[in-house]
Structures are given as structure tokens and as C-alpha cells.
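>>> need a 3D model of the following:
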Amino acid sequence: MPLPTAFDHRAKSYSVAHAYWLAKASELAYEDEAAIERQARAWGFGQVRHHQTRFTPPFPLKDTQAYTMASDDMIVTAFRGTEPAEIRDWLSDSSTPPWPGPARTGYVHYGFAEALESVFPELRGTHAELGGGGRSVWFTGHSLGGALAMLAATRMYLEDPRLRADGVVTFGQPRTCDRLLAAACDKGFKGRLYRFVNNNDIVPQLPPEPVYTHVETLKYIDSSGRLRDSMGLVAGLADRARGLTADAFAPATDGVRDHAIGRYLAALEQNLT
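Numbering: from 1, shown residues only. Predicted coordinates:
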């Protein structure tokens, strides 16, 4: 199957090809506003809105950044992630209390809650402005951006079920919420929410269980780059061990290497071609 050369603006459901382009959108979120606008228009999205807030210490994040691009048929909101070392440090802090989740459903890590709250009113207004007309709606992001994408889509849906997105696709997303909110996501977004994890990626292993957990739908990329819909416990442990030994000179950095958005894009390309 040849690699698709552009967004399919008429896509209404998940496919590997559409996930690849959402990964491209997640990668684009790391660029500056001018670069985002140029690329979005090259992809056929005529309208672009930026969402950004800067924080002051001692808040663990520097800022929240996202953008929304819209065409006649599709709206995509992509959240920017952060460096693995930065997110690992504050997600590993077990003293951080959980905060109430969207629509008072379950709990989330306070860093995620505050980061989303800083841009959510503007984001919701953008979707109200650009939505409708039969456009499909997608949320995506890598790393921290994946957590914020899931929470943004979930909050819009729980506060108004008519605003349920057509899909949420994340890459290297950390554990974001407790079991109650995860169950609400699994129920509300059944067949619409897909969480990609690349082999030994360290970020999806944080924050620690049992307070925080993941939604059910997993797309696992094994040590050979093959995309799998499921992976048993024993097979998964064996595959992660193979990933650790793939680079005999630097096995300890495998979890950081596997987190890179470029690794996700390369694996998706491999599964398409």
C-alpha cells in the first residue's frame, strides 16, 4: 500500500493512514505559529487558530500550546508535547494530589488539569466558531499533548454530549486519569479513541499506578515496528526486553528514544508501506 500523500479530509473513522496524518499534525505542534500556518494551508486547511498560555514558577510546565486547523470537511486540534526529561520529572512526583476530572468525573493529575484549563475556554470558543456543517472533529497530540488532547475531547463531550469528537488519537500519552474517568472515556468514545505506544516509551509508564491509569484502546508498536491491536502480558514483557537489547551500547536510553514522535511516524510509515 503506498504511503498517503495528504490528509483525507473526508475521513470519519480511524484508519492507520489517518493516524499517520494525525501524527504529522502532532509533530507540527512543536513548530512556531508561522510554520504551523504554512503547513496547515499546504494540507488544505484554510483556517488556523492558535491556543497558548505561559506559566510562571512553581508550576511544573512552561506553557500550554495547541492549534486548531479547519477545512470544509474536517477540524483538527493538536496539542504540543514536552521533553521526556521534563515530563518524567514532574509526573514521577508522588506527592502531587489528583484534581477533579472534567464535569466532576473522576480525577486527573493536577498538571494536566491546569494546563488544559488555561486554554480550554478559547479552545471551546474556536470549536463553536468553526464547527458544524458536517465537519468531522479530531483531537491529537504527542506526549503531554496526548494527555491534553484526550482531556479536552473528554471535557467537551462530558459537558455537552453533542460535542463528542469523531476521534481522539494520541502518541506516547502518559497515564492521565483515574479508573472512573478512564471508564467514562472508554464508554463515551468507544471506537473513537486510540492510544499509540511505541515499545519501551517511558512516558506512557508515568505517572505511577494505581492512582492513574490508561484508557483501554491500545495500538502497540512492537520492537520490530509492527503495529499490534493487543499484546499479552508475557509476550509484551518479552518484546520490551528485545527492544532494550536492540542497542547494546545504550539500552538505558531506549525508553527516551522510543518516545520521539519521529519513531511513531517511522513505525506508521512502515505499517502502511
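>>> need the residues that contact stretch 68-76.
Identification of contacts with stretch 68-76 by CB atoms under 8 Å, 6 or more residues apart in numbering yields 7, 9-11, 22, 25, 36, 40, 43-49, 51, 77-78, 123, 126-127, 130-131, 133-140. For every residue, glycine as well, the C-beta is placed using N, CA and C.
>>> what packs against the stretch of helix or strand T140 belongs to?
Counting by DSSP states H and E, the element that carries T140 is strand 136-142. If you count contacts as 3 or more CB pairs under 8 Å, 6 or more residues apart in numbering; DSSP states H and E, strand 136-142 packs onto helix 16-28, strand 74-79, helix 144-159, strand 167-171.
>>> okay if I get those as a markdown table plus mean neighbour count and mean pLDDT?
Output for the helices and strands packed on strand 136-142, formatted as a markdown table (neighbours: other CB atoms under 10 Å; pLDDT from 0 to 100):
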| stretch | mean neighbour count | mean pLDDT |
| --- | --- | --- |
| helix 16-28 | 22 | 97 |
| strand 74-79 | 27 | 98 |
| helix 144-159 | 26 | 96 |
| strand 167-171 | 30 | 98 |
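>>> closest one to S224 among those?
Ranking the helices and strands packed on strand 136-142 by proximity to S224 (CB to CB) places helix 16-28 first, at 16.1 Å.
>>> helices or strands up against the closest one?
Against helix 16-28 (3+ CB pairs under 8 Å, 6+ apart) you get helix 33-42, strand 74-79, strand 136-142, strand 167-171, strand 193-198, helix 261-272.
>>> run the chain-centre distance for the helix or strand following the fourth one.
Next in sequence after strand 167-171, counting helices and strands by DSSP H and E, comes helix 179-188. Counting by CA atoms, centre = their mean, to the nearest Å, helix 179-188 is centred 16 Å from the centre of its parent chain.
>>> what does helix 179-188 contact?
101-102, 105-108, 150, 154, 157-158, 161, 164, 177, 193, 213-217.
>>> do the same with stretch 116-126
Stretch 116-126 has contacts (CB under 8 Å, 6+ apart) with 49, 51-53, 55, 64, 66, 68, 77, 148, 151-152, 155-156.
>>> would you turn the residues you listed into a markdown table with distance to L272?
Below are these laid out as a markdown table (distance: CB to CB, whole Å):
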| residue | distance to L272 |
| --- | --- |
| R49 | 30 |
| H51 | 30 |
| Q52 | 32 |
| T53 | 35 |
| F55 | 38 |
| T64 | 31 |
| A66 | 26 |
| T68 | 26 |
| T77 | 24 |
| L148 | 27 |
| L151 | 29 |
| A152 | 27 |
| R155 | 32 |
| M156 | 30 |
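>>> of these, which is the nearest to A29?
Lowest distance from A29 to these (CB to CB) belongs to A66, with 6.6 Å.
>>> check this structure and tell me which residue is nearest its centre.
Central residue of the chain (CA atoms, centre = their mean): G146, 2.0 Å from the mean position.
>>> verify the stated contact: that one with A152.
No. Contact criterion CB atoms under 8 Å: G146 and A152 do not qualify, at 10.8 Å.
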